[in-house]
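In: Return a 3D structure for these sequence lines:
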Amino acid sequence: MLRLLLGRPGRVFSRSQLLDSASSDLRDVSDRAIDSHIKNIRRKIQAADPGCECIVSVYGVGYRFDAPE
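Out: The predicted structure follows:
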């Protein structure tokens, strides 16, 4: 998921696109699981670089990665 976001900074990915990139099998996984994964990724980024808010929620659409300045 993080690799996908990092590969296209500024592009908004929907939850379903992120879910497709994270899971290759056909399990019944809720798109809300993406929110949980994003929360964990954000927490790890914050631990490595406090104050970095590089994964942005786009209301009603999904998430995007904004490269830190």
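
In: Wait, a helix at Ile45?
Out: Yes: Ile45 forms part of a helix when assessed by DSSP: H, G, I helix; E, B strand; the rest coil.

In: check contacts around the residue nearest to it when sequence neighbours are not counted.
Out: In space, and not counting its chain neighbours, Ile45 is closest to Cys52: 5.5 Å by C-beta to C-beta, 6 or more residues apart in numbering. Just so you know, the C-beta spots here come from the backbone N, C-alpha and C atoms, and that holds for glycine as well. Contact analysis of Cys52 by C-beta atoms under 8 Å, 6 or more residues apart in numbering lists 45-46, 68.

In: so what secondary structure elements neighbour the worst-scoring helix or strand of the chain on mean pLDDT?
Out: Across the helices and strands of the chain, mean confidence by mean pLDDT, DSSP states H and E is lowest for helix 15-22: a mean of 83. Using 3 or more C-beta pairs under 8 Å, 6 or more residues apart in numbering; DSSP states H and E as the contact test, the elements touching helix 15-22 are helix 2-7, helix 32-48, strand 62-65.

In: tell me the angle it makes with helix 32-48.
Out: Interaxial angle, helix 15-22 versus helix 32-48 (axes from the mean of the first three to the mean of the last three C-alpha atoms, to 10 degrees): 70 degrees.

In: Can you dump the C-alpha atoms of helix 15-22 in CSV for me?
Out: This file holds the C-alpha atoms of helix 15-22, laid out as CSV (Å, rounded to 0.1, in the frame of the first residue of the first chain):
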residue,chain,number,x,y,z
ARG,A,15,-9.9,2.6,-0.9
SER,A,16,-10.7,-0.1,-3.4
GLN,A,17,-7.5,0.6,-5.4
LEU,A,18,-5.5,0.4,-2.2
LEU,A,19,-7.3,-2.8,-1.2
ASP,A,20,-6.5,-4.3,-4.6
SER,A,21,-2.8,-3.5,-4.3
ALA,A,22,-2.6,-5.0,-0.8
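
In: Quick one: residues in contact with it.
Out: By C-beta under 8 Å, 6+ apart, helix 15-22 touches 1, 3-5, 29, 31-35, 37-38, 62-63.
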